[in-house]
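Novice: only the shape, not the letters, is given here:
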Ligand SMILES: Nc1ncnc2c1ncn2[C@@H]1O[C@H](COP(=O)(O)OP(=O)(O)OP(=O)(O)O)[C@@H](O)[C@H]1O
């Protein structure tokens, strides 16, 4: 395995009585597109907040890019939180200009290229966009950064199935030779099956499987089947 981009050892975090992470152990190698998969409430966002220094573990060790998460590691990370919003009066172009002025290693050239690929109008006003269009702008803002690690928390929410497929193909194309590592959380693997080359399956604050997606498929079948088997109870809700 190459140097890990992320390492968690016996990590626990509770919010009051709610145990969000419960002895989480994971190691994720660098240079991969990794899916952090699991049902609502299994601790995906808490893990991502921990990697960006927004919450601290109660117990255990967390390392991102080989160090304890903090302001220094954050300079090398692009993060799309699960509830981010834009300033509604900005156009897409203005949002990118803001990104260029404010976010380390933001490439306007890449942002414009991605917008073209994802059918996003540069002069469209964000306040008037559908949820799915706005989700694309958020995604581009992260992908246009030439950083070591991109963390995307549920980036496809609100984007319809056909657009998702095109976007996923675009992400794979775009990231293929970049050497960047990407962590993407989702509870809905159906339309993004082909995206991940490394997979972590989470349940109730723990990792129940992690490894190459190919090995997972060889062991269990398609990711959809794996999901059904591993989360039989949650699937029926
Ligand atoms: N700030 C908070 N205060 C109290 N409880 C919280 C807080 N943040 C998360 N939780 C709880 O911790 C558990 C894990 O939440 P988390 O958001 O990490 O899960 P998730 O897997 O990202 O879920 P989802 O897919 O719904 O976003 C949930 O039960 C949630 O209700």
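Specialist: Good, I have the coordinates. Source: prediction; values computed, not measured.
Novice: CA only for contacts and neighbour counts going forward, please
Specialist: Fine.
Novice: quick one, helices of the protein?
Specialist: Using DSSP state H, the helices of the chain run over 44-51, 71-74, 92-102, 108-117, 131-143, 161-175, 213-220, 223-230, 232-235.
Novice: and the ones you listed: which comes nearest the ligand?
Specialist: Of all those, it is helix 44-51 that lies closest to the ligand, at 3.6 Å by CA to the nearest ligand atom.
Novice: what's that closest one in contact with?
Specialist: 20-21, 36-38, 55-57, 62-64, 69, 81-82, 151, 153, 185, 202 (CA atoms under 8 Å, 6 or more residues apart in numbering).
Novice: put the buried members of those residues into a ChimeraX selection.
Specialist: Buried residues within the contacts of helix 44-51, by 16 or more other CA atoms under 10 Å, are selected in ChimeraX with:
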select :20,21,36,37,38,56,57,62,63,64,69,81,151,153,185,202
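Novice: just the ones of the contacts of helix 44-51 in strands?
Specialist: 20-21, 36-37, 62-64, 151, 153, 185, 202 (DSSP state E).
Novice: among the residues you listed, which are in reach of the ligand?
Specialist: Filtering these for neighbours of the ligand using CA under 6 Å from any ligand atom leaves residue 20.
Novice: any idea how far residue 157 lies from residue 163?
Specialist: 12 Å (CA to CA, to the nearest Å).
Novice: for residue 207, same thing?
Specialist: On the measure of CA to CA, residue 207 and residue 163 end up 30 Å apart.
Novice: cool, and residue 67?
Specialist: 36 Å.
Novice: then residue 130?
Specialist: For residue 130, the distance to residue 163 - CA to CA - is 13 Å.
Novice: what about the two, which has more around it?
Specialist: Neighbours per residue (other CA atoms under 10 Å) separate residue 130 from residue 163, with residue 163 holding more: 17 against 11.
Novice: kindly report the residues of the chain close to the ligand.
Specialist: So far as CA under 6 Å from any ligand atom goes, the chain lies against the ligand at 15, 18, 20, 39-46, 187.
Novice: so which of those is the most crowded?
Specialist: residue 44 (28 neighbours).
Novice: for residue 66, which non-adjacent residue is closest in space?
Specialist: Spatially, and ignoring its direct neighbours in sequence, residue 66 is nearest to residue 5 (6.6 Å; CA to CA, 6 or more residues apart in numbering).
Novice: which ones are touching the one you found?
Specialist: Applying CA under 8 Å, 6+ apart to residue 5 gives the contacts 27-30, 63-66, 149, 181.
Novice: and it, what pLDDT?
Specialist: On pLDDT, residue 5 comes in at 95.
Novice: ok, now how distant is it from residue 102?
Specialist: Counting by CA to CA - residue 5 and residue 102 are separated by 25 Å.
Novice: before we move on, what about residue 76?
Specialist: 14 Å.
Novice: and for residue 222?
Specialist: Taking CA to CA, one finds residue 222 at 41 Å from residue 102.
Novice: the more surrounded of these two?
Specialist: Neighbour comparison, residue 222 and residue 102: the larger count goes to residue 222, with 16 against 10 (by other CA under 10 Å).
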